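Q: sequence and predicted structure are below.
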Protein chains: 2
Amino acid sequence: MAGQVAGSVHGLTAGVARMYKLLPDGRRQVIGFALPGDFLGTVPSDRYSFSADAIGSVSLCHLSREAFAQFIEQRPQFLIRINEFAARELMLAQEQMLLLGRRTAEEKVASFLVGWRQRLAHIRNGPQILALPMSRQDIADYLGLTIETVSRTLTRFERQKMLIIVSGGVRLLDPARVAAVAAARKIRRK
Amino acid sequence: MAGQVAGSVHGLTAGVARMYKLLPDGRRQVIGFALPGDFLGTVPSDRYSFSADAIGSVSLCHLSREAFAQFIEQRPQFLIRINEFAARELMLAQEQMLLLGRRTAEEKVASFLVGWRQRLAHIRNGPQILALPMSRQDIADYLGLTIETVSRTLTRFERQKMLIIVSGGVRLLDPARVAAVAAARKIRRK
DNA sequence: CGCAACATTGAAGCAGATCAAGGCATGTGG
DNA sequence: CCACATGCCTTGATCTGCTTCAATGTTGCG
């Protein structure tokens, strides 16, 4: 799967996907990562577009715009579920705006690790290994950073014994301290 | 009006409001500006919080969580309207993520002017004056910049004859060129 | 007027970007 | 099995766009 998502509804049933937007000159912003149970292109809407593609292999179920409208008509209470999902997406998007606009690189990476762990916890919780199926470039484009800054920040966390970088992810040694960095309580002047 | 927005629904009927999130150390991210017809706290949801307050004077209509639930039950088709509004908000939020994460200061300010003009156009279109009822600090916190950068960028646009800074807003001399800067087509090395 | 809040402007500093090499796997074909 | 690509990832050096710091200007109002 790859390409534009609009005018129809997709539900992700397995795997991980990234959603992103591009600027004409190629700069990319990853809007979010989708996990099983998530919808892509939440509600059909014209002149609204982002792209999505798979990280590894995924499976999805697809509903055309018409089929979706029909489905809604038959089960109006399902709209409430969709609505709750949209509200959660909006909440996540607003948190992400705060992250992109006002957090430092360290806080961004730490917040990402905490947030990703929380999302995976709902699915299934490995021992202390946090799987990161997306590339460093994906993480950078999600956090509004460069790949080098993400890499450097992770190695700094490793040197500080907060985690160990392993193939395909990260082993969290001190989740509490990662969360503390994400929370950003240290006072900044002014 | 000021303070947390959660567990109930507000509809703005007049004036302008800003919605924002704060970090514990005081850094602020303005999430959006609300105009008449917009909802604040779109869908009631727990552990979801941002703040909002008025820019100038506003009037709103307020619905408690219970009243809202009851209202929805009586008119299910109204949920579709709410849903469309949520989808538009989500679209705007994703555009804003792209802006915050990947655009330069110049592109951010130009995009803001274009976007704000579009939103006001729906309401009513003044001659060529674009009213900016919010402060420079609000604009900076919306764009993930500092007040100084916003000010300098506007002055640069003024020197380039794209606009004139007037009290309470800006007079657009060359909207097309502002839009061109916002679109960011110039090729960046790589 | 005189103060208070907001805005502009300039100079200096720095966090993160850019540029530039290497690692380190996995693959592949000789 | 080894030479040698190829695609990430890491690491270091340098650069720069935006922030920070510090005045100064402007506006509105009691």
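A: Nice, I can see it.
Q: in which helix or strand would I find A:Arg18?
A: If you go by DSSP states H and E, A:Arg18 is part of strand A:8-22.
Q: swap in A:Ala54?
A: strand A:50-64.
Q: could you look up the SS state of A:Gln96?
A: Recorded secondary structure, A:Gln96: helix (DSSP: H, G, I helix; E, B strand; the rest coil).
Q: and the gap between it and A:Asp141?
A: 12 Å (C-beta to C-beta, to the nearest Å). In short, each C-beta sits where N, CA and C put it, glycine included.
Q: looking at these two, which is more packed in?
A: Per other C-beta atoms under 10 Å in any protein chain shown, whichever of A:Gln96 and A:Asp141 has more neighbours is A:Gln96, with 28 against 25.
Q: ok, the nearest residue to that one once chain neighbours are set aside to DNA strand D distance?
A: Nearest non-adjacent residue to A:Gln96, counting by C-beta to C-beta, 6 or more residues apart in numbering or on different chains: B:Met97, 5.7 Å away. B:Met97 is 16 Å from DNA strand D, where distance means C-beta to the nearest atom of the strand, to the nearest Å.
Q: do A:Ala110 as well
A: For A:Ala110 relative to DNA strand D (C-beta to the nearest atom of the strand), the value is 15 Å.
Q: that residue: neighbour count?
A: Applying other C-beta under 10 Å, we find 24 residues neighbouring A:Ala110.
Q: where along chain A do the helices fall?
A: Per DSSP state H, chain A carries helices over the ranges A:65-74, A:77-102, A:105-123, A:136-143, A:147-159, A:175-183.
Q: ranking those by burial, who's on top?
A: Burial of the helices of chain A is given as mean neighbour count (mean count of other C-beta atoms under 10 Å in any protein chain shown); helix A:136-143 ranks first at a mean of 21.
Q: just the C-alphas of that one, formatted as PDB.
A: Extracted in PDB, the C-alpha atoms of helix A:136-143 (Å, rounded to 0.1, in the frame of the first residue of the first chain):
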ATOM      1  CA  ARG A 136      15.600   7.100  12.000                       C
ATOM      2  CA  GLN A 137      14.500   9.200   9.100                       C
ATOM      3  CA  ASP A 138      10.900   8.500  10.000                       C
ATOM      4  CA  ILE A 139      11.500   9.500  13.600                       C
ATOM      5  CA  ALA A 140      13.300  12.700  12.500                       C
ATOM      6  CA  ASP A 141      10.500  13.600  10.200                       C
ATOM      7  CA  TYR A 142       7.900  12.900  12.900                       C
ATOM      8  CA  LEU A 143       9.800  15.100  15.400                       C
END
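Q: for that helix, packing partners?
A: With contacts taken as 3 or more C-beta pairs under 8 Å, 6 or more residues apart in numbering or on different chains; DSSP states H and E, helix A:136-143 sits against strand A:8-22, strand A:28-34, helix A:105-123, helix A:147-159, helix B:77-102.
Q: picking that back up, do the strand holding A:Arg18 and DNA strand D meet?
A: No - shown here: strand A:8-22 not in contact with DNA strand D (C-beta under 7 Å from any atom of the strand), separated by at least 12.9 Å.
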